[in-house]
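Colleague: Give me a 3D structure for the following:
(one chain, ligands or ions: 2)
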Amino acid sequence: MGVKVVFLGTGTADSFERAQSSILFEKNGNTILVDAGNGCLIRLGQLGKRPADINAVLLTHVHLDHSGDLLPLLKARWLSGVEDTLKIFAPTGTKNWMESQLEAFPFLRNKLSYDVVEVRENKFNVYNFNVKSIVTKHSVESRGYIVNGILVTGDTSPFEELYNNDFDVVIHELSLPEGFSQHHTTPDSILRFSRILSEKEVYFTHLYPHTLTLKERIIKRLGFGKVVNDLDSFKF
Ligand SMILES: [Zn+2]
Ligand SMILES: [Zn+2]
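Modeller: Ligands and ions are numbered 1, 2, ... in the order given. The predicted structure is shown next:
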């Protein structure tokens, strides 16, 4: 059986009709998330899933729109009596970041069960998913992940080495329209890689609201890919 992918959150920090970044991967009864942005717990509930069903989280980076529901997920697991440790794979610095969260919420200390593994360019297996982490180009430490042949870029500017990897499907951020740059993907910056990407199955997510209003024009210009909405899904 292949992997089922569900977009739990396709929004950004200023989206009010979409949950923030989170993607669910499911295979043979195992379920992992890439990112846990605000709203993903509600989307999980809409799928009939519970916090206990999540085996691991791969965090692309700790910006709030990618991590806002991580602590609520851990707290919900504690309150519902889940004893399994939640594995969290994340960029360098995330152990300290989690520690600072516990300083802000000291009553949660020793209640939440998680284990942070900091990754750079690593290959690892988690609950039978084959994962490769890749250092990406954002404003903070950030990683992309290839999960069973599906590349999730997280927030990044496009760059050659990212695409020199083995993948057939890509879930790509497309934050900003033309005229913006730095730390994110724009139509101009991704067009330079259209030769590679036009041969892949490309799903665009994480469009800021002003980018979303231009999506038809942008996709027409790019000539590849489609923009996804919360709870869209595909199998691979
Ligand atoms: Zn970010
Ligand atoms: Zn973001």
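Colleague: Now for L33, how many residues are close by?
Modeller: Counted with other C-beta atoms under 10 Å, residues neighbouring L33 total 27. C-betas here are computed from N, CA, C, even on glycine.
Colleague: ditto for K226
Modeller: With other C-beta under 10 Å as criterion, K226 counts 11.
Colleague: That one bridge partners, please.
Modeller: Y203 (DSSP bridges).
Colleague: need the contact list for it.
Modeller: Contact analysis of K226 by C-beta atoms under 8 Å, 6 or more residues apart in numbering lists V202, Y203, F204, I219.
Colleague: Please identify the helix or strand for the last one.
Modeller: Element membership of I219 [criterion: DSSP states H and E] is helix 215-222.
Colleague: Buried ones in that helix, by neighbour count?
Modeller: I218, I219, L222 (16 or more other C-beta atoms under 10 Å).
Colleague: avg pLDDT for that helix?
Modeller: The average pLDDT within helix 215-222 is 97.
Colleague: tell me what it is packed against?
Modeller: Here helix 215-222 touches helix 187-191, strand 226-227, going by 3 or more C-beta pairs under 8 Å, 6 or more residues apart in numbering; DSSP states H and E.
Colleague: Show me how far it is from its chain's centre.
Modeller: With C-alpha atoms, centre = their mean, to the nearest Å as the basis, helix 215-222 stands 23 Å off its chain's centre.
Colleague: Dump the C-alpha coordinates for it into CSV.
Modeller: Output in CSV follows, covering the C-alpha atoms of helix 215-222 (Å, rounded to 0.1, in the frame of the first residue of the first chain):
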residue,chain,number,x,y,z
LYS,A,215,-3.0,32.0,-7.9
GLU,A,216,-4.5,31.4,-11.3
ARG,A,217,-2.2,33.8,-12.9
ILE,A,218,0.8,32.4,-11.1
ILE,A,219,0.1,28.8,-12.0
LYS,A,220,-0.5,29.8,-15.6
ARG,A,221,2.8,31.5,-15.7
LEU,A,222,4.7,28.6,-14.1
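Colleague: How about residues contacting it?
Modeller: With C-beta under 8 Å, 6+ apart, helix 215-222 has contacts from L174, P177, P187, I190, L191, S194, F204, L207, T211, G225, K226, V227.
Colleague: go on, stretch 81-99?
Modeller: 51-52, 54-62, 70, 73-74, 77, 113-120, 124, 126, 131, 133, 140-143, 145.
Colleague: related to what we said a few turns ago, so which of the contacts of helix 215-222 is the most crowded?
Modeller: L174 (27 neighbours).
Colleague: one step back: quick one: buried ones out of the contacts of stretch 81-99?
Modeller: 51, 54-62, 70, 73-74, 77, 114, 116-119, 126, 131, 133, 141-143, 145.
Colleague: List, one by one, the residues from this structure near ligand 2.
Modeller: Contact residues, the chain versus ligand 2 (C-beta under 5 Å from the ion): D65, D155.
Colleague: those helices in the chain, which residues are they?
Modeller: Assigned by DSSP state H, the chain shows helices spanning 40-46, 64-67, 70-79, 94-104, 160-163, 187-191, 194-197, 209-212, 215-222.
Colleague: For S15, find the nearest of those.
Modeller: helix 209-212 (6.3 Å; C-beta to C-beta).
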